[in-house]
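Visitor: predicted model and sequence below, questions to follow.
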Amino acid sequence: MLPPELPPLPALTRAEAELIDRYLDAVDQLGRINPARGADTYAGLRAAQALVRTAVGLRDALALMHERRETRIHASTMARALRVLDGERRCRLVAVPPGPREPDGAP
């Protein structure tokens, strides 16, 4: 049985697609750096080094959009693209994982 087919990506300009890709790259690196999820400092260091390069790509994508007079970010379209590209799961890796549940009445 084949896995369910993903919805198509919304129509994006090349610069918008680059922005989405670089944003998700940054999210992935931050998820690897997250001290609440990490296991060793070397992996975090490597991810931090990659994040610097990723930030440059993110800046360049936004600069290209600005130069092309793409002055508006269409948030709903970008959110759809992020969902198709598994952005919700990837962004959860940046957050602090939920802790153990406290019994009722506990501080």
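Guide: Nice, thanks for sending it over.

Visitor: and the longest helix seen in the chain, which residues are buried?
Guide: Criterion DSSP state H: the longest helix present in the chain is helix 41-67. Buried residues in helix 41-67, counted by 16 or more other CB atoms under 10 Å: Gly44, Ala47, Ala50, Leu51, Thr54, Gly57, Leu58, Ala61, Leu62, Leu64, Met65. Where C-beta positions appear, they are placed from N, C-alpha and C, glycine not excepted.

Visitor: check which element follows it along the chain.
Guide: Per DSSP states H and E, helix 41-67 leads on to helix 75-84 as the next helix or strand towards the C-terminus.

Visitor: next helix or strand past that following helix?
Guide: Following helix 75-84 in sequence order, the next helix or strand is helix 87-92 (DSSP H and E).

Visitor: show me what counts as buried in that following helix.
Guide: Neighbour counts using 16+ other CB under 10 Å place Gly87, Arg90, Cys91 of helix 87-92 among the buried residues.
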